[in-house]
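Student: Make a model of this:
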Amino acid sequence: MQVEILDDDCRRVDEGMSKSSEWMTGHDKSRALSVNRPDPGELRQDIQSLRAFIKEVDARMKSVKQRRKAVLEPLEPEFG
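Tutor: Numbers count the residues shown, from 1 in each chain. This next block holds a predicted model:
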């Protein structure tokens, strides 16, 4: 129960998938690799963005894990 998906996560994943689907063979809307292929600098930037996104999700997952642990811990009785 460590998952928290934000609307922005959905947008970022959709944008990345849509972009790569345009030039990867085998996709419905793909073009020939000689057309509209990103240059190496753009690919590097996309990889860096993906790595940053993964770090954000990992950090959020740790935070969610701590919050959920606190929510699911049994309450200590006031008197006992």
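Student: what about Gly16, neighbour count?
Tutor: By the measure other C-beta atoms under 10 Å, the count of residues near Gly16 is 14. Just so you know, the C-beta spots here come from the backbone N, C-alpha and C atoms, and that holds for glycine as well.
Student: residues in contact with Leu50?
Tutor: Shown in contact with Leu50 (C-beta atoms under 8 Å, 6 or more residues apart in numbering): Gly16.
Student: What helix or strand is it located in?
Tutor: Under the criterion of DSSP states H and E, Leu50 resides in helix 40-72.
Student: mind checking how far that helix is from the chain centre?
Tutor: Relative to its chain's centre, helix 40-72 lies at 7 Å (C-alpha atoms, centre = their mean, to the nearest Å).
Student: Can you give me the buried ones in it?
Tutor: Using 16 or more other C-beta atoms under 10 Å as the test for burial, helix 40-72 gives Val57, Arg60.
Student: Mean confidence (pLDDT) on it, please.
Tutor: Averaged across helix 40-72, the pLDDT comes to 93.
Student: Stretch 12-27 now?
Tutor: 81.
Student: Kindly export that stretch (C-alpha atoms) in PDB.
Tutor: Provided in PDB are the C-alpha atoms of stretch 12-27 (Å, rounded to 0.1, in the frame of the first residue of the first chain):
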ATOM      1  CA  ARG A  12       4.000  12.700 -17.700                       C
ATOM      2  CA  VAL A  13       3.700   9.000 -18.500                       C
ATOM      3  CA  ASP A  14       1.200   9.700 -21.300                       C
ATOM      4  CA  GLU A  15       3.400  12.400 -22.900                       C
ATOM      5  CA  GLY A  16       6.500  10.200 -22.800                       C
ATOM      6  CA  MET A  17       4.700   7.200 -24.200                       C
ATOM      7  CA  SER A  18       3.100   9.300 -27.000                       C
ATOM      8  CA  LYS A  19       6.400  10.800 -27.900                       C
ATOM      9  CA  SER A  20       8.200   7.500 -28.100                       C
ATOM     10  CA  SER A  21       5.400   5.800 -30.000                       C
ATOM     11  CA  GLU A  22       5.800   8.300 -32.900                       C
ATOM     12  CA  TRP A  23       9.200   7.000 -33.800                       C
ATOM     13  CA  MET A  24       9.400   3.400 -32.400                       C
ATOM     14  CA  THR A  25       8.600   0.800 -35.000                       C
ATOM     15  CA  GLY A  26       5.600  -1.400 -34.400                       C
ATOM     16  CA  HIS A  27       3.300   1.300 -33.000                       C
END
